[in-house]
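Asks: Quick one, fold the following:
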Amino acid sequence: MLTENNSMTGSLSTVVCCERDAKSVLLPIYQDRHVGDLMHEYGHALCHTIFCARYGFQIPQWFNEGTADNVASPHYQKLFADHERWLKATAVSTAPPTYRQMCDSLYKDPNMRYAIASLMVRELVHQKGQQIIKQVRLETRDGGKFAPAFRHCAGVEPEQLFRSIVGQFWNL
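Replies: Sure thing, here's the model as predicted:
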């Protein structure tokens with residue numbers, strides 16, 4: 001479903017993109033960031049298609065959004081750098097979310113939580129390689145629990161990955 005704040009979405013075998021946003025502003029379709037946004041939604045559609053429509057209920061929101069950003073990563077390098085700058089500036093006056101908030105209420109503070117989610121998955125892929133995303137998703141596809149699957153595939157607790165990213169920006 002398209003909302004007032006976005007102009008595209010990805011779901012089962014489908015990506016929908018509007019050429020104008022909710023205020024009828026023409027979107028910069030051919031700019032790198034916009035191509036990245038399309039690829040992000042393609043990542044959601046791909047996962048819904050491959051891992052079944054219910055896949056999103058078995059994984060935390062941070063992993064869902066972070067893996068979609070991973071699909072878009074060739075077009076998101078500036079966005080990743082912006083995330084880091086923004087988190088450094090924000091950490092001075094704002095507390096980080098909890099791991100539970102990253103799992104269940106990421107969309108309540110999307111700027112901060114998307115940034116953290118994106119950096120979490122980027123770090124995970126850097127450490128373990130691209131195949132880690134598929135491995136975790138396959139282990140959770142048929143009703144598996146995310147945390148044990150993540151621990152088995154990544155060799156680390158998901159909360160530990162969260163703390164390592166948050167620790168780069170907040171002195172906790």
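Asks: From now on I want contacts and neighbour counts done on CA atoms only, so please keep to that.
Replies: Noted.
Asks: tell me which residues in stretch 35-50 are buried?
Replies: Buried residues in stretch 35-50, defined by neighbour count with 16 or more other C-alpha atoms under 10 Å: 35-49.
Asks: Show me which of these is closest to residue 134.
Replies: Distance to residue 134 across these (C-alpha to C-alpha) is lowest for residue 47, with 9.5 Å.
Asks: mind checking which helix or strand the closest one is in?
Replies: Secondary-structure assignment from DSSP states H and E places residue 47 in helix 32-51.
Asks: which strands and helices sit next to the next helix or strand after that helix?
Replies: Sequence-wise, the next helix or strand downstream of helix 32-51 (DSSP H and E) is helix 61-71. Secondary-structure packing of helix 61-71 (3 or more C-alpha pairs under 8 Å, 6 or more residues apart in numbering; DSSP states H and E): helix 32-51, helix 99-104, helix 110-128.
Asks: Any chance of those in CSV with mean pLDDT as columns?
Replies: Compiled in CSV, the helices and strands packed on helix 61-71 are given as follows (pLDDT from 0 to 100):
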stretch, mean pLDDT
helix 32-51, 76
helix 99-104, 96
helix 110-128, 95
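Asks: Out of the ones you listed, which is closest to residue 74?
Replies: Distance to residue 74, taken as C-alpha to C-alpha, is lowest for helix 32-51 among the helices and strands packed on helix 61-71, at 7.5 Å.
Asks: Can you report how many residues lie near the nearest residue to residue 67 once chain neighbours are set aside?
Replies: Nearest non-adjacent residue to residue 67, counting by C-alpha to C-alpha, 6 or more residues apart in numbering: residue 121, 6.3 Å away. Neighbourhood size, residue 121 [other C-alpha atoms under 10 Å]: 26.
Asks: Report the contact partners of residue 121.
Replies: Shown in contact with residue 121 (C-alpha atoms under 8 Å, 6 or more residues apart in numbering): 63, 66-67, 70.
Asks: Please report how far residue 91 lies from residue 170.
Replies: Separation of residue 91 from residue 170 (C-alpha to C-alpha, to the nearest Å) stands at 6 Å.
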